[in-house]
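# Pasted the sequence and its predicted model underneath.
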Amino acid sequence: MPELPEVENLRLSLLPALVGARLNRLVVYHPDVLINPGELDPVGHICLDIQRRGKYLRLCFDNDLVMEVHLRMTGHLLLRLDESILPPSYPHSEHIHVGYEWEKDGRAFLLLYQDTRRFGRIELISHTDLDARSTGSGNLGPEPFADECNADYLCRRAVRHSRMPLKSFLLDQNVIAGLGNIYVDEILFAARLNPLRPAAELTVDEAERIVSHMRRILKLAIAAKGTTFRDYVDGHNLKGSFQEQLFVYGRGGEPCRICGTTLANARIGGRNTVYCPTCQPGTGAVQESP
């Protein structure tokens, strides 16, 4: 699933084309990807901004309407600047579910929502109702770069979670918005913290290390255009390169790049987790499995 750096790079790749563009036509090929089809209509309106909240992308229109996209596992938003007319249908092999015809400065172009597994969702909602929901992006914790996402905040939240593993705690979108499996593994390795430790044992010093490395790693990943192993591309169908800088994620059974110890695999909250037993020693570990 695209995480914060990937969604942020998608946002940046779409901004130049979409901001100031008018949506002239919307064609829904598979309505099951829409949360509220037909309730609100962005056609005829101009995109004023593209925002990101956690792993959600928000297209903001001039009529107080927001189109919120959650890409989930295999969703893509792809620009086709050399095309201007949506066909009546797309071949199944292209997995196009929603098409958008835009116009800007007298030039027409397309934006396509593509999703091979069709897990992603698109919701139209008024801006005033956006953050008042108890579902979707309305139920997220603070952004990693927000001032309130600090060591004291993490410690206060951690004590509520009894013996939840630290990995699961950081993956909880109600705690911090936008982190996923890739970056939590990397953050915990950089902070030298065992992912199986109970979150409630987190100290202020350890929380400060998490916040510091979280922000550093996310900035590096954004600069590298995100991580691409298989599916992620930006709006121009370009892959990221942060996978070349990963220390632990996806490297189970390989030697640690710091100490040479064989990296271990664990299953935490249904997620595969990779860590270094030497660099990330742990006490009171919970829920470990081969």
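Ah, there it is.

# going forward, measure contacts between C-alpha atoms and count neighbours the same way
OK.

# residue ranges for the strands of the stretch 51-200 of the chain, please.
With strands called from DSSP state E, counting those that start in this stretch, the stretch 51-200 of the chain shows them at 56-61, 65-70, 75-80, 96-104, 107-115, 121-126.

# Redo those strands as a markdown table? Include mean neighbour count.
Putting the strands of the stretch 51-200 of the chain into a markdown table (neighbours: other C-alpha atoms under 10 Å) gives the following:
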| stretch | mean neighbour count |
| --- | --- |
| strand 56-61 | 24 |
| strand 65-70 | 23 |
| strand 75-80 | 22 |
| strand 96-104 | 22 |
| strand 107-115 | 20 |
| strand 121-126 | 20 |
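
# nearest to I210, of those?
strand 56-61 (22.9 Å; C-alpha to C-alpha).

# can you list contacts of the closest one?
With C-alpha atoms under 8 Å, 6 or more residues apart in numbering as the contact definition, strand 56-61 has outside contacts at 7, 11, 42, 45-52, 66-71, 127, 137.

# Just the mean pLDDT for that strand, thanks.
Throughout strand 56-61, pLDDT has a mean value of 97.

# now do stretch 235-243
Averaging pLDDT along stretch 235-243 yields 93.

# Any idea how far apart the tips of it sit?
19 Å (C-alpha to C-alpha, to the nearest Å).

# Kindly list the longest helix within the protein.
The longest helix of the chain (DSSP state H) is helix 204-223.

# which regions of the stretch 151-290 of the chain sit below the pLDDT cut-off?
Along the stretch 151-290 of the chain, the model assigns pLDDT under 70 to residues 283-290.

# for the nearest residue to D82 once chain neighbours are set aside, what are its contacts?
Residue nearest to D82 in three dimensions, not counting chain neighbours: F109, with 6.5 Å by C-alpha to C-alpha, 6 or more residues apart in numbering. By C-alpha under 8 Å, 6+ apart, F109 lies in contact with 79-85, 101-103.

# rewinding a little: and C279, which of the strands of the stretch 51-200 of the chain is closest to it?
The closest of the strands of the stretch 51-200 of the chain to C279 is strand 56-61. By C-alpha to C-alpha, the value is 33.3 Å.

# any idea how far the residue of the chain most remote from its centre lies from G20?
Going by C-alpha atoms, centre = their mean, the residue of the chain most distant from its centre is G106, 33.1 Å out. According to C-alpha to C-alpha, G106 and G20 sit 12 Å apart.

# export the longest helix of the chain as CSV, just CAs?
C-alpha atoms of helix 204-223 as CSV (Å, rounded to 0.1, in the frame of the first residue of the first chain):
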residue,chain,number,x,y,z
VAL,A,204,10.5,9.7,26.5
ASP,A,205,14.1,9.3,25.2
GLU,A,206,13.0,6.4,22.9
ALA,A,207,10.0,8.4,21.8
GLU,A,208,12.2,11.3,20.9
ARG,A,209,14.4,9.0,18.8
ILE,A,210,11.3,7.7,17.0
VAL,A,211,10.1,11.2,16.1
SER,A,212,13.5,12.3,15.0
HIS,A,213,14.2,9.3,12.7
MET,A,214,10.6,9.2,11.5
ARG,A,215,10.9,12.7,10.1
ARG,A,216,14.3,12.2,8.7
ILE,A,217,13.4,8.9,6.9
LEU,A,218,10.1,10.3,5.6
LYS,A,219,12.0,13.3,4.2
LEU,A,220,14.6,11.1,2.5
ALA,A,221,11.8,8.9,1.1
ILE,A,222,9.9,11.9,-0.3
ALA,A,223,13.1,13.2,-1.9
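
# my read: Y232 touches E6, true?
Yes. At 7.4 Å, Y232 counts as touching E6 under the criterion of C-alpha atoms under 8 Å.

# and for the two, which residues touch both?
With C-alpha under 8 Å, 6+ apart, Y232 and E6 have common neighbours G240.

# Give me the buried positions along stretch 3-18.
3-15, 17-18 (16 or more other C-alpha atoms under 10 Å).

# Other residues contacting it?
Identification of contacts with stretch 3-18 by C-alpha under 8 Å, 6+ apart yields 47, 49-52, 54-57, 77, 79, 102, 104, 178-180, 218-219, 221-222, 225-227, 232-236, 240.
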